[in-house]
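S.K.: Just need the structure, nothing else, for what follows:
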Amino acid sequence: MYKTAHLFIQKQSMVDENLRKVHILFRMLAIGLGILHVYAAIKSQSMNADGIPYLDIGDAYFRADWVNAINPVWSPLYSWILGVTNVVIRPSIQWEFPIVHLVNFIIYMIALSSFEFMWKRVRTYETSNESYIMPDLWWWTLGYLLFIWISLCLIEIWAVTPDMLMAVFVFLAAGLIAQMRAGEGSLRSFLSLGLVLGLGYLSKSFMFTTAIVFLAIAWMMQKKSGRKILLSASVFLLLSLPFILLISTKKGKFTIGEAGTVTYLRYANGMPFPHWQGDPERGIILTHPSRIVHRIPAVYEFGDPIGGTYPISTDPSYWYEGMEPRFDIASLFARLFASALVYAELFFHQQGILLACILALYIMRQQGKYTLQETLKRWALVIPSLTAFGLYGMVLVEGRYVGAFILLFWADILGNVRLPNVPANGLWLGILSSIAAFGLVANIILFNLDGFTRLNSSWQSSLGAAATPAAKPLAVAQTLQVLGIQQSDKVGVIGYAYDSFWARLAHVRIVAEVLEADADEFWRGDDALRQSVLAAFAGTGAKAVIAEYVPEYAHLKDWHRVGETNYYIYLFGK
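M.R.: Residues are numbered from 1 along each chain as shown. Now for the predicted structure:
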């Protein structure tokens, strides 16, 4: 008997040691890949259009510019983090974007810890000697691979958006729910849930709806803890209501955030973007659209009253006030169909191997008779995931929106694998788990190979890149400085200012633009037409006009070229 006990302890010690090695291996893999992605983002001075408003709003908070800081479209927490970083570090023009990516890496590391907090607790609510569950080694292997995949391939660590930050709070909330499901419903857990959900809402307004679902699940877990649920809800409202009141006052109506409304108007109702002027024939009269200061080609002016690098992006809801979302069954079905294609790509193509393996395990699964309440409890974390999939599905689905909820979905699906206690089933668990892991590893490898190949400029040129390259944002910003353009100066753009990241680096304000679709009319026009367009730009207070992707046939007298690129700058009064 002593020998048997000794062998059991020795075997358990070996299992624990192997599990420790799995944790170390996959943490190193997650951190190593994260560092590579951040390095690639820093090397390429990567930025995306959503990142510019977050940076602008962060600055506005710390210079007490409340008019531009309180924003109904962009949630505040990510902006606060970026704002604090810029105030403390005060990065140079070369380091502003790289510093953002270092901040994103820190958030990624916090998300990794939050994932481990959740994953450790998902399966603690039940143990049984009558069935096989997925071995801890495979449980953690699949969990880490799913985290790496959704973080780097879907949310994308280099994307300057709050989605990774939101994932932190989704994982923490799910971990606390799993803890309550295991019977550990302490007062601290409920307080923590309210705090996490409140911060989640401040990271992204979509979390308000998700928070209600999480609170409902917490009540379902422990119905006798009504006061604790009330306390949790109170903490959540204490954190979220001040911002809701501020943006509601600004919009003159109750709102938890206008991001969803703007997205619905664009993708479900087909609202053109940017510079739509309304449709009087259909009774759609916008309250204050951007202003047309030149007709052919159209020059749009939008310098006031919204601030920021590109005011159209700073608060899209302002420029489209007057158009109300309308329900259209045909549009709804069109959006659902488009979303279904995205979900099919995510689940059947990118996760097809994992899905097939899990379906096989569920077919082999030990059947049990559960009440509705027991079923909901066992698969509780699937509920907020399906809610998120459905809500996004009616408007717009992107990998970064649903990435955290995909991991949440698989948590309880994998956690509830139960096979009859037959020796062969242990072998099948190992085989199918290893195949599922292989599928995830293949996805991660293919994604990274594709991403780093696209960063290789020589590869791009071999595929037929343009003879005259586009200018890097840093080069445009530095050229503006050399030409004497100062921070806060107004400029115009011939092109599409939505992704004119150079303007943020130069800290200038884009107040007018000729859209890329109309630019050809400007370049092919006679001298009188070009002068009238430039006069319209000058009338907006612009100190310069930056022309993007200028064609080779363009007449470029008095324009300053940015290096050897197809970007040119025209200065007024010089």
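
S.K.: Give me the below-cutoff pLDDT ranges for this structure.
M.R.: The chain contains residues with pLDDT under 70 at 1-15, 124-131, 366-368, 451-467, 574.

S.K.: What are the boundaries of the strands in it?
M.R.: Using DSSP state E, the strands of the chain run over residues 131-132, 291-294, 299-301, 419-420, 490-495, 509-515, 544-547, 560-561, 568-571.

S.K.: Which one of the ones you listed lies nearest to L176?
M.R.: Of all the strands of the chain, it is strand 131-132 that lies closest to L176, at 26.7 Å by CB to CB. Quick note: C-beta positions are derived from backbone N, CA and C, even for glycine.

S.K.: Would you state the helices of the stretch 151-300 of the chain in chain order?
M.R.: 163-181, 187-203, 207-221, 226-251, 259-267 (DSSP state H, counting those that start in this stretch).

S.K.: tell me what the fourth one is packed against?
M.R.: In this structure, helix 226-251 packs against helix 187-203, helix 207-221, with contacts taken as 3 or more CB pairs under 8 Å, 6 or more residues apart in numbering; DSSP states H and E.

S.K.: tell me what the shortest one is packed against?
M.R.: Applying 3+ CB pairs under 8 Å, 6+ apart, one finds that helix 207-221 contacts helix 163-181, helix 187-203, helix 226-251, helix 372-378, helix 382-393.

S.K.: ranking those by burial, who's on top?
M.R.: Neighbour counts (mean count of other CB atoms under 10 Å) averaged over each of the helices and strands packed on helix 207-221 peak at helix 163-181, with a mean of 27.

S.K.: between that helix and helix 207-221, how many degrees?
M.R.: 10 degrees (axes from the mean of the first three to the mean of the last three CA atoms, to 10 degrees).

S.K.: Put together CSV for the strands of the chain, with distance to W410 and mean neighbour count on each row.
M.R.: Putting the strands of the chain into CSV (distance: least, CB to CB, whole Å; neighbours: other CB atoms under 10 Å) gives the following:
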stretch, distance to W410, mean neighbour count
strand 131-132, 19, 19
strand 291-294, 50, 16
strand 299-301, 46, 24
strand 419-420, 18, 16
strand 490-495, 42, 24
strand 509-515, 43, 24
strand 544-547, 46, 24
strand 560-561, 52, 16
strand 568-571, 51, 20
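
S.K.: so which of the ones you listed gets nearest L29?
M.R.: strand 131-132 (27.0 Å).

S.K.: Could you check how far Y61 is from L102?
M.R.: 20 Å (CB to CB, to the nearest Å).

S.K.: So for the two, which sits in the more crowded spot?
M.R.: Y61 (20 against 15; other CB atoms under 10 Å).

S.K.: got the contact list for the more buried one?
M.R.: Listed by CB atoms under 8 Å, 6 or more residues apart in numbering, the contact set of Y61 reads A69, P76, S79, W80, G83.

S.K.: I'd like to know which of the residues you listed is nearest to P305.
M.R.: When these are ranked by distance to P305 (CB to CB), A69 comes first, at 14.0 Å.

S.K.: ok, and the closest non-adjacent residue to that closest one?
M.R.: A60 (3.9 Å; CB to CB, 6 or more residues apart in numbering).

S.K.: Enumerate every residue touching the one you found.
M.R.: Going by CB under 8 Å, 6+ apart, A60 touches W66, N68, A69, G83, G307, G308.

S.K.: Measure how buried the fourth one is and give me the count.
M.R.: Read it as G83. Neighbour count of G83, defined by other CB under 10 Å: 22.
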